[in-house]
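# sequence-free structure coming up:
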Ligand SMILES: [Zn+2]
């Protein structure tokens, strides 16, 4: 199956809060969505997590690389783990600085975000089994980053107003240049035909 195109900053689907699914809605749509997420993330060089809205799906699911399973299996192949209907039920007061980039917000330097160092989370795994666990440090931050996507929140939404404006200006310029290059590509193609 082919990788999907990653939706970039400016798209409406990245700004929407996604509702949790009820049991009846846990169906093949979701299974297909998880497969698409895995195929898409495995095509990227740097991504360690991907949320449904980033491939244009309004589903409450994200995946991350499964470092635990990779260590257990001594695997160099990338393995992924899906989190369906994820919720954060507890956050520590203590925060850590997390340096984050995002596949949907390309072309900008990493953004430093203060996030709770310890979180307690609840979600369904791919067998729809309810899991509750505590996540720390980097693992907790990856979860929080992907969880943010399901709330319609991007890394730039953590910035102070002035800094955010500055970055958004750059992102809009990047988008404009991308569109221009697509148009140029199209017109060269037309010429070649
Ligand atoms: Zn992201």
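Perfect, I can see it now. None of the values given here were measured: they were computed from a predicted structure. Numbers count the residues shown, from 1 in each chain.

# now residue 144, what's its secondary structure?
Local secondary structure at residue 144 is given as helix here, using DSSP: H, G, I helix; E, B strand; the rest coil.

# in stretch 60-79, what counts as buried?
Buried residues in stretch 60-79, counting neighbours by 16 or more other C-beta atoms under 10 Å, are found at 60-66, 79. All C-beta atoms are positioned from the backbone trio N, CA, C, and that covers glycine.

# got the end-to-end distance for that stretch?
According to C-alpha to C-alpha, to the nearest Å, stretch 60-79 extends 20 Å from its N-terminal end residue to its C-terminal end residue.

# got a list of contacts for stretch 103-114?
Stretch 103-114 is touched from outside by 6-9, 11, 14, 44, 46-47, 50, 54, 95-101, 141, 149, 154-156, 158-159, 167, 170-171, 174, with contacts defined as C-beta atoms under 8 Å, 6 or more residues apart in numbering.

# quick one on the thing from earlier: so of the buried residues of stretch 60-79, which ones are in strands?
Among these, the residues falling in strands (DSSP state E) are 61-65.

# run through this protein and note the low-pLDDT ranges.
1, 179-193 (pLDDT under 70).

# can you rerun that using 50?
In the prediction, the chain carries residues with pLDDT under 50 at positions 189-191.

# now the buried residues of stretch 60-79 as TSV including distance to residue 111?
As requested, these are exported to TSV (distance: C-beta to C-beta, whole Å):
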residue	distance to residue 111
60	24
61	24
62	19
63	21
64	19
65	20
66	25
79	27
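
# closest to residue 136 among those residues?
When the buried residues of stretch 60-79 are compared for distance to residue 136, the smallest value, 14.1 Å, is given by residue 64; criterion: C-beta to C-beta.
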